[in-house]
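J.: only the shape, not the letters, is given here:
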């Protein structure tokens with residue numbers, strides 16, 4: 001089953017740490033967002049595979065925007 005990782009706040013994408021197809025574990029950093037001069041890591045909530053990265057560095061995301069899609073398992 002696919003799960004969407006969504007932005008929790010308005011932020012800019014500072015960096016993307018993983019690529020599509022990468023295997024991730026619970027707590028792995030997927031990307032770093034920046035808001036109000038603070039870096040906020042986006043962490044995987046479960047083990048799985050990155051199906052899609054929906055943003056690139058420099059993008060500005062709104063609360064609820066899809067950042068990545070993971071396949072659990």
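T.: Sure thing, it's come through. Given the structure is predicted, the values throughout are model-derived calculations rather than measurements. Residues are numbered from 1 along each chain as shown.
J.: next, count neighbours for the closest residue in space to residue 47 that isn't next to it in sequence.
T.: Nearest residue to residue 47 in three dimensions, chain neighbours excluded: residue 25, at 5.0 Å (CB to CB, 6 or more residues apart in numbering). Glycine gets a C-beta too; all of them are placed from N, C-alpha and C. Per other CB atoms under 10 Å, the neighbour tally for residue 25 reads 9.
J.: do the same with residue 46
T.: Other residues within reach of residue 46, judged by other CB under 10 Å, total 12.
J.: distance of it relative to residue 3?
T.: Separation of residue 46 from residue 3 (CB to CB, to the nearest Å) stands at 8 Å.
J.: next one: residue 17
T.: Distance, residue 17 to residue 3, by CB to CB: 18 Å.
J.: what's opposite the closest residue to residue 7 other than its chain neighbours in the beta bridge?
T.: Leaving aside its chain neighbours, residue 7 sits nearest to residue 61 (4.3 Å; criterion: CB to CB, 6+ apart). Note on residue 61: beta-bridge partners residue 11, judged by DSSP bridges.
J.: contacting residues for residue 61?
T.: Counting by CB atoms under 8 Å, 6 or more residues apart in numbering, residue 61 touches 7, 10-13, 33, 55, 67.
J.: residue 41: which of the residues you listed is nearest?
T.: The shortest approach to residue 41 among those belongs to residue 33, at 7.9 Å (CB to CB).
J.: burial measure for that closest one, as a count.
T.: Residue 33 has 23 neighbouring residues, counting by other CB under 10 Å.
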